[in-house]
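> Fold the following, please.
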Amino acid sequence: MACNTCRRSDGAGEGTSGQRDGALLVEALRALQAQDPAYQGVAVQEMPCLFACGDSCTIHLRAPDKVGYVLGRFTPDVEAARAILDYAVLYAESEAGQVPYRQWPEGVKGHFLTRTPPPGFVVE
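Modelled structure (predicted):
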């Protein structure tokens, strides 16, 4: 899920098209997904405001019975979208939502903001 109302916290504000950076990132994600069959299993959804305004552009990765993640501080471009989708594919293939660091695309390193346990998770 991607925030479609994000404005980058570096003061860049809106893109040259007048669209907010979050909407531009959503467009980049969808365009790449349409071009590459490897991304067809990833649901690209959007919603207004993920409440991570200081770390925008933000996305939320989640799947049933898996750890979820919020990532942010992306630029709304094709390189960021590709890194996000590449990680999302690895995340989907993982058993519990944990992808070994050595497999992370370079473009997502340093962008993780939070980790959310799956429903019913209890720390032992």
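
> C-terminal to the host helix or strand of Leu25, what's the next element?
Per DSSP states H and E, Leu25 falls inside helix 21-35. Under the assignment DSSP H and E, the closest C-terminal helix or strand after helix 21-35 is strand 46-47.

> so where do the strands sit in the chain?
2-3, 46-47, 59-61, 68-71, 112-116 (DSSP state E).

> Okay, the residue nearest to the spatial centre of the chain and Val89: tell me how far apart.
The central residue of the chain, meaning the one whose C-alpha is nearest the mean C-alpha position (Cα atoms, centre = their mean), is Ile59 at 3.4 Å. Distance, Ile59 to Val89, by Cβ to Cβ, to the nearest Å: 14 Å. All C-beta spots, glycine's among them, are computed from the backbone N, C-alpha and C.

> For Leu113, list the residues it contacts.
Taking Cβ atoms under 8 Å, 6 or more residues apart in numbering as the criterion, Leu113 is in contact with Ala52, Asp55, Thr58, Tyr69, Val70, Leu71, Gly72.

> Let me know the closest of those to Tyr39.
For Tyr39, the closest of the contacts of Leu113 turns out to be Leu71, at 16.4 Å, with distances computed as Cβ to Cβ.

> ok, the closest one touching Leu61?
Yes. Counting by Cβ atoms under 8 Å, a contact exists between Leu71 and Leu61, whose distance comes to 7.2 Å.

> What residues are bridge-paired with the residue nearest to Phe112 when sequence neighbours are not counted?
Leaving out its chain neighbours, the residue that sits closest to Phe112 by Cβ to Cβ, 6 or more residues apart in numbering is Leu71, at 5.5 Å. On the basis of DSSP bridges, Leu71 takes part in beta bridges with Ile59, Phe112.

> residues near Leu71, how many?
Other residues within reach of Leu71, judged by other Cβ atoms under 10 Å, total 23.

> mind checking pLDDT for Ala31?
Predicted confidence (pLDDT) for Ala31: 96.
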